[in-house]
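Novice: need coordinates for the below:
(one chain, ligands or ions: 1)
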Amino acid sequence: MELCDMPAWKLKELIRKGDISPEDILDSVFERIEEVERDLNSYITILKEEAYNQAKEIKARLQKGEDLPLGGIPIAIKDILCTKGIETTCASKILKGFYPPYDATVVERVKRAGAIIIGKTNLDEFAMGSSTENSAFGPTRNPWDRERVPGGSSGGSAAAVAAGETILALGSDTGGSVRQPAAFCGIVGLKPTYGLVSRYGLIAYASSLDQIGPMTKDVRDCALLLQVIAGKDEKDSTSLKVDLPNYLEACRHHDLSGIKIGIPREYISESLDPSVAEVMENSKRVFEKLGATVKEISLPHTEYALPTYYIIAPAEASSNLARYDGVQYGLRVKGKSLRDMYLETRTKGFGDEVKRRIMIGTYVLSAGYYDAFYLKALKVRRLVKADFDEAFKEVDYILTPTSPTPAFKLGEKIEDPILMYLSDVFTVPVNLAGICAISINGGFSKENLPIGIQLIGRALDEFGLLKIASAFETETELQGCRPFGR
Ligand code: GLN
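Specialist: A predicted model of the protein is given here:
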């Protein structure tokens, strides 16, 4: 197996034993990028020279005996996270030429841990989308089948991890943007509990829903990366002060006896793709074999989650995106007057989906409609959360498909926003409730497309999620499957 297809924890061992150096990993990763990036378009910015410079520095720190949890491991960063002095575009024309004067907290933390930043990955503009087709830099393609989308909005990060164009990646998840692309590309993606990871330097889409999460080749890497990015940050008042467990410990216990898992009946409908239904059946059997009991549960307000999300998220987006007016950031299109300049900049700078969200959001927040839409949505959000609270009295974890279908074809849903929105129907409720969930590969379709399963846990039970995900992974050995270099 090529180095670029290996997980970080294995590479760390090889570095520690002196078998390889951080430069060897970079050689392997950049060779793969050379081979596949022209087709996949996972990256908006590639930082090759900078990466080799960082590698030298890390090597010296390792030689001095510094303990670096991610020492010498390449990482790709979704281009919605601020990186000091490195262009940060959100895949939007409106931010072209924006070089943040600071690093996001997660970026600062991975750097401190010795990771090597090798590039900024493609996404749907401002993270609005489920296919990475809404990017001003062209779509990313799925490494398992280049006719298909990698999912979104963190599609570039997912494709890069799956294809061996990086070892680790960071994504952001507002309604499923870490988990759904992870599922479509056959990797692991975690949406942490709201507040576990600092959002400082994450360019805001919908602030009450956004979380940054690890996207990795396996569960152990997910634990490794979460350990580095989680924890209180004075710069984000919504970040939580909690004692972090040792997440890697979670990957050592594989007996699930006594654990109760629920499958919500509302998530298993006729509209599930047969291959997804089959993977769900198999996964249920695997968990039972591991000692867990699996039973049916109900989350009665499930059908309201998506419409609720599509009021709250655009409402917050319309207000967050008001700052892009040609004055402070990126693009400025000249106009005859100040008002004209605002208008021209926003007309030329934003893509269609972003404009659609701004219009919906402005509408639901406007006088006369606020109570009918926005306020009502906030109330329904409480009901969705209450469903989970009730369910967690009965079971410890909830098992669902990550998305109703495997990766779809490029162009298949882009003309029909509602159809596109539906691919997040199983991930959105988790963000509304503020709890945590992980997507791992659960199997393959007949066309050899990966199919993700989602495990949902109580607030701040990432340790438990990693534990059952790791048990599943060890039993099935599915996470080792890669599109290239097998
Ligand atoms: N697809 C959903 C949306 O477009 C979720 C995106 C996300 O999680 N950033 O809003």
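Novice: can you give me the buried ones in the helix-or-strand element of the chain with minimal mean pLDDT?
Specialist: The weakest-scoring helix or strand in the chain, judged by mean pLDDT, DSSP states H and E, is helix 417-421 (a mean of 95). Buried residues in helix 417-421, counting neighbours by 16 or more other C-beta atoms under 10 Å, are found at 420-421. In short, each C-beta sits where N, CA and C put it, glycine included.
Novice: again with stretch 325-344
Specialist: Applying a neighbour-count criterion of 16+ other C-beta under 10 Å, one finds 325-326, 329-333, 341-342, 344 buried in stretch 325-344.
Novice: can you dump the C-alpha atoms of the least confident helix or strand of the chain in CSV for me?
Specialist: These are the backbone C-alpha positions of helix 417-421, laid out as CSV (Å, rounded to 0.1, in the frame of the first residue of the first chain):
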residue,chain,number,x,y,z
PRO,A,417,-33.1,22.3,-5.2
ILE,A,418,-35.7,20.3,-3.2
LEU,A,419,-34.3,17.0,-4.6
MET,A,420,-30.9,18.2,-3.6
TYR,A,421,-32.0,19.3,-0.1
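Novice: what's that helix in contact with?
Specialist: Helix 417-421 is contacted from outside by 129-131, 306, 310, 353, 356, 413-414, using C-beta atoms under 8 Å, 6 or more residues apart in numbering.
Novice: just the buried ones from those?
Specialist: By 16+ other C-beta under 10 Å, the contacts of helix 417-421 give 129-131, 306, 310, 353, 413-414 as buried.
Novice: among these, which ones lie close to the ligand?
Specialist: The subset of the buried ones among the contacts of helix 417-421 within reach of the ligand, by C-beta under 6 Å from any ligand atom, is 129-130.
Novice: which members of the buried ones among the contacts of helix 417-421 are the farthest-apart pair?
Specialist: Leu306 and Ile414 (18.3 Å; C-beta to C-beta).
Novice: grab the nearest non-local neighbour of the residue of the stretch 251-400 of the chain found nearest the ligand.
Specialist: Scanning the stretch 251-400 of the chain for the residue nearest the ligand gives Ala313, at 5.3 Å (criterion: C-beta to the nearest ligand atom). Nearest residue to Ala313 in three dimensions, chain neighbours excluded: Ala206, at 4.2 Å (C-beta to C-beta, 6 or more residues apart in numbering).
Novice: wait, the one you found sits on Thr174?
Specialist: Yes: if you go by C-beta atoms under 8 Å, Ala206 and Thr174 touch, sitting 5.2 Å apart.
Novice: overlap of the contact sets of those two?
Specialist: With C-beta under 8 Å, 6+ apart as the test, Ala206 and Thr174 both reach Ala313.
Novice: which of the two has more neighbours?
Specialist: Thr174 (27 against 24; other C-beta atoms under 10 Å).
Novice: pretty sure that one is touching Ala127, no?
Specialist: Yes: applying C-beta under 8 Å, one finds Thr174 in contact with Ala127, separated by 5.9 Å.
Novice: where does the stretch 301-450 of the chain come near the ligand, residue by residue?
Specialist: Neighbours of the ligand within the stretch 301-450 of the chain, by C-beta under 6 Å from any ligand atom: 313, 424.
Novice: show me which residues of the stretch 101-250 of the chain are close to the ligand?
Specialist: So the stretch 101-250 of the chain meets the ligand at 127-130, 153, 173-177, 205 (C-beta under 6 Å from any ligand atom).
Novice: try 5 Å this time
Specialist: 127-130, 153, 173-177 (C-beta under 5 Å from any ligand atom).
Novice: ok and the residue in the stretch 351-486 of the chain nearest the ligand?
Specialist: Counting by C-beta to the nearest ligand atom, the stretch 351-486 of the chain gets nearest the ligand through Asp424, at 4.6 Å.
Novice: without its sequence neighbours, what residue ends up closest to that residue?
Specialist: Excluding the flanking residues, the one nearest Asp424 by C-beta to C-beta, 6+ apart is Gly176, at 4.0 Å.
Novice: does that neighbour touch Asn431 like I think?
Specialist: Yes: at 7.5 Å, Gly176 counts as touching Asn431 under the criterion of C-beta under 8 Å.
Novice: where does Ser239 land in three-state SS?
Specialist: Using DSSP: H, G, I helix; E, B strand; the rest coil, the secondary structure recorded for Ser239 is coil.
Novice: ok and the residue in the stretch 1-150 of the chain nearest the ligand?
Specialist: Residue nearest to the ligand within the stretch 1-150 of the chain (C-beta to the nearest ligand atom): Ala127, separated by 3.6 Å.
Novice: now that residue: how far from Leu272?
Specialist: Distance, Ala127 to Leu272, using C-beta to C-beta, to the nearest Å: 26 Å.
Novice: ok, these two, which is more surrounded?
Specialist: The neighbour count for Ala127 versus Leu272, taken as other C-beta under 10 Å, is higher for Ala127 (30 against 18).
Novice: residues contacting the closest residue to that one other than its chain neighbours?
Specialist: The shortest distance from Ala127 to any non-neighbouring residue, by C-beta to C-beta, 6+ apart, is to Ser153 (4.1 Å). Residues in contact with Ser153 (C-beta under 8 Å, 6+ apart) are 123-124, 127-130, 132, 134, 171-172, 174, 177, 181.
Novice: pLDDT at the residue most central in space within the chain, what is it?
Specialist: Central residue of the chain (C-alpha atoms, centre = their mean): Val178, 1.7 Å from the mean position. For Val178, the pLDDT comes out at 98.
Novice: quick check: it touching Leu190?
Specialist: Yes: between Val178 and Leu190 there is a contact under C-beta under 8 Å: 6.8 Å.
Novice: overlap in contacts of those two?
Specialist: Contact criterion C-beta under 8 Å, 6+ apart; residues bridging Val178 and Leu190 by contacting each: 213-214, 439.
Novice: I'd like the next helix or strand past the helix or strand where Gly119 lies.
Specialist: Per DSSP states H and E: Gly119 is located in strand 116-121. Under the assignment DSSP H and E, the closest C-terminal helix or strand after strand 116-121 is helix 155-163.
Novice: just the CA coordinates of that next one, formatted as PDB?
Specialist: Extracted C-alpha coordinates of helix 155-163, given in PDB (Å, rounded to 0.1, in the frame of the first residue of the first chain):
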ATOM      1  CA  GLY A 155     -16.800  17.300  -1.100                       C
ATOM      2  CA  GLY A 156     -13.200  18.400  -1.700                       C
ATOM      3  CA  SER A 157     -12.100  17.200   1.700                       C
ATOM      4  CA  ALA A 158     -13.900  13.900   1.300                       C
ATOM      5  CA  ALA A 159     -12.600  13.200  -2.200                       C
ATOM      6  CA  ALA A 160      -9.000  14.100  -1.200                       C
ATOM      7  CA  VAL A 161      -9.000  11.800   1.800                       C
ATOM      8  CA  ALA A 162     -10.600   8.900  -0.100                       C
ATOM      9  CA  ALA A 163      -8.200   9.400  -3.100                       C
END
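Novice: so after it, what's the next helix or strand?
Specialist: Using DSSP H and E, the helix or strand that follows helix 155-163 in sequence is strand 168-173.
Novice: counting contacts, what elements does that following strand pack onto?
Specialist: Helices and strands touching strand 168-173, as assessed by 3 or more C-beta pairs under 8 Å, 6 or more residues apart in numbering; DSSP states H and E, comprise strand 74-78, helix 155-163, helix 179-185, strand 188-191, strand 211-216, helix 219-229.
Novice: may I see these arranged in a markdown table, with mean neighbour count as well?
Specialist: Shown next, in a markdown table, are these (neighbours: other C-beta atoms under 10 Å):
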| stretch | mean neighbour count |
| --- | --- |
| strand 74-78 | 30 |
| helix 155-163 | 35 |
| helix 179-185 | 35 |
| strand 188-191 | 34 |
| strand 211-216 | 31 |
| helix 219-229 | 26 |
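Novice: understood, closing this out.
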